[in-house]
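> return atomic coordinates for the entry below.
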Amino acid sequence: MSEFDFIKRHWYKAALLLILLIALWYRMGIIESFIIPTYGNTMYHVGIERETILTQHYPDYELSYGGGFPHFYVPAYRLLIVSMSIASGIDPMIMSGIMTITIALFILLAMYILAYKLSNNLYIALFAAFFFVISPEMTIFTMRPLPELLGLFMVPLTFYFVMKENWSMATVGAALTALTHQMTLLSLVAVIALYGVFQLAYAAYKKKDFVKGIKCFIPVVAACATYGLWQVYSLGTLNIFNIAQVVNREGNPVDMGLFLRTGLFVLVFFVLGLLYIYLNSRAGSDKVAGKKPYLPDINIDTKLMIAAWLIATVILSKNDLFGISIFMDRFFTFFVQAAIIIAGFGMYALLSWMGLDLLKEKPEI
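From the prediction side, this is the model:
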């Protein structure tokens, strides 16, 4: 095999590996010292984790907001750290740092496979992985040892199962998300529910059956029921309006400075990606060397999912306009996830318009 053939066969795998290594490299600072980076209520989570390990019992009362009341945090992230600490014998402080790095890499991979599912194109998936690495907002929230980190993995993973119409796995993913992080839960439920509404509207317009649209609400119901059961168990009520986070109206508004944390480079290609997705026809028919070129397959499901993702997360990110003013900046992170994947389409569009022939051949992987 010549050097050219070797590079042609393996360059894609090398590029994806390089992106993963870069993502790993600039997160290694998380475990450079015994104390993990402290953002927000990081130490409250470590405190609960340490108490659970020492007593072999998940505490009934919270430490945050002065403590002494039944905890309103859902337990999945904390129990993940606890289980890994017990299994390995590693202190939960250090394990939190290790798991932050590990989960961050899995978030990248989850967004990679979702981008591939939405486009049926390996180049767009690779470009989305690249934009993950250079987005300031995604970097910030994948270096914080907090429950939202796990939520950022569960959202694209659950969306992937929804797009595959694997409703059993989508339901499991939604239920686990409900036990991971409340803002993540609301983002996930809002997007899938809106996607279901769009599917029902499309089915009515095309006079097709409504099965897919109806099935979208299975994971939605599972997520809501799971969270409801947890809150009744923990707080003894379904009322969410007395939770400290709601009472204190926590969160920062999404102003221009925060919006630009998406990444200027990402935003440019995000716009190009939107144009490509909604103005470009489905896979083309031009022949290259007597065979059909390797092109994206942007179907109606992709368009409806991306529309639902953007609309739902924009509304949640700007909930202060409706007088709610709760965690606008946290919801915004899930908009950025969508923007990164759409930017992958934008990069593909630019290189395709420039006539890069490499994109017309499917890479080996």
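> drop to CA atoms for contacts and neighbour counts, all remaining ones
Fine.
> touching, S119 and I298? I think so.
Yes. Using C-alpha atoms under 8 Å, S119 is in contact with I298, at 5.5 Å.
> burial of F241, as a residue count?
Residues lying near F241 (other C-alpha atoms under 10 Å) number 9.
> tell me the contacts of it?
Going by C-alpha atoms under 8 Å, 6 or more residues apart in numbering, F241 touches V247.
> quick one, phi psi at the residue nearest to G68 when sequence neighbours are not counted?
Using C-alpha to C-alpha, 6 or more residues apart in numbering and skipping the chain neighbours, the partner closest in space to G68 is Y61 (5.7 Å). Main-chain dihedrals, Y61, degrees, to the nearest 10: phi -120, psi 150.
> one step back: so which of S119 and I298 has more stuff around it?
Taking other C-alpha under 10 Å, S119 and I298 do not tie; S119 has more neighbours (23 against 20).
> check contacts around that one.
By C-alpha under 8 Å, 6+ apart, the residues touching S119 are 125, 296-298, 302.
> of those, closest to T171?
Using C-alpha to C-alpha, T302 is the member of these that sits closest to T171, with 19.7 Å.
> in the strand or helix carrying the closest one, what's buried?
T302 is located in helix 300-317, with elements delineated by DSSP states H and E. Buried residues in helix 300-317, counting neighbours by 16 or more other C-alpha atoms under 10 Å, are found at 302-317.
> right, and the helix or strand after it?
As assigned by DSSP H and E, the chain's next helix or strand after helix 300-317 is helix 328-353.
> next, the angle helix 300-317 makes with that next one.
Helix 328-353 runs at 150 degrees relative to helix 300-317, counting by axes from the mean of the first three to the mean of the last three C-alpha atoms, to 10 degrees.
> distance from helix 328-353 to the middle of the chain?
Centre-to-centre, helix 328-353 and its host chain are 12 Å apart (C-alpha atoms, centre = their mean, to the nearest Å).
> tell me what it is packed against?
Applying 3 or more C-alpha pairs under 8 Å, 6 or more residues apart in numbering; DSSP states H and E, we find helix 328-353 packed against helix 92-119, helix 122-134, helix 136-141, helix 182-206, helix 264-279, helix 300-317.
> low-confidence ranges in the stretch 101-250 of the chain?
Along the stretch 101-250 of the chain, the parts satisfying pLDDT under 70 run over 244, 248.
> go again using 90 as the cut-off
Within the stretch 101-250 of the chain, the stretches falling below the threshold (pLDDT under 90) are 144-146, 207-209, 234-250.
> so can I have a markdown table of the contacts of S119 showing distance to M99?
Shown next, in a markdown table, are these (distance: C-alpha to C-alpha, whole Å):
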| residue | distance to M99 |
| --- | --- |
| A125 | 24 |
| P296 | 34 |
| D297 | 35 |
| I298 | 35 |
| T302 | 31 |
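> out of those residues, flag the one nearest to T102.
A125 (19.9 Å).
> do I have it right that that closest one meets A110?
No. Contact status for A125 versus A110: not in contact, 10.2 Å apart, counting by C-alpha under 8 Å.
> and those two? which has more neighbours close in?
Per other C-alpha under 10 Å, whichever of A125 and A110 has more neighbours is A125, with 26 against 22.
> roughly how far apart are the more buried one and G346?
A125 sits 11 Å away from G346, going by C-alpha to C-alpha, to the nearest Å.
> so what's H10 closest to, chain neighbours aside?
H10's closest residue in space is E364 (C-alpha to C-alpha, 6+ apart), at 6.9 Å.
> low-confidence ranges in the stretch 251-365 of the chain?
251-252, 280-294, 323-326, 355-361, 363-365.
> who touches stretch 140-147?
If you take C-alpha under 8 Å, 6+ apart as the criterion, stretch 140-147 is touched by 27, 30, 36-39, 41-42, 45, 76-78, 96-97, 99-101, 103-104, 148-149, 180-181, 333.
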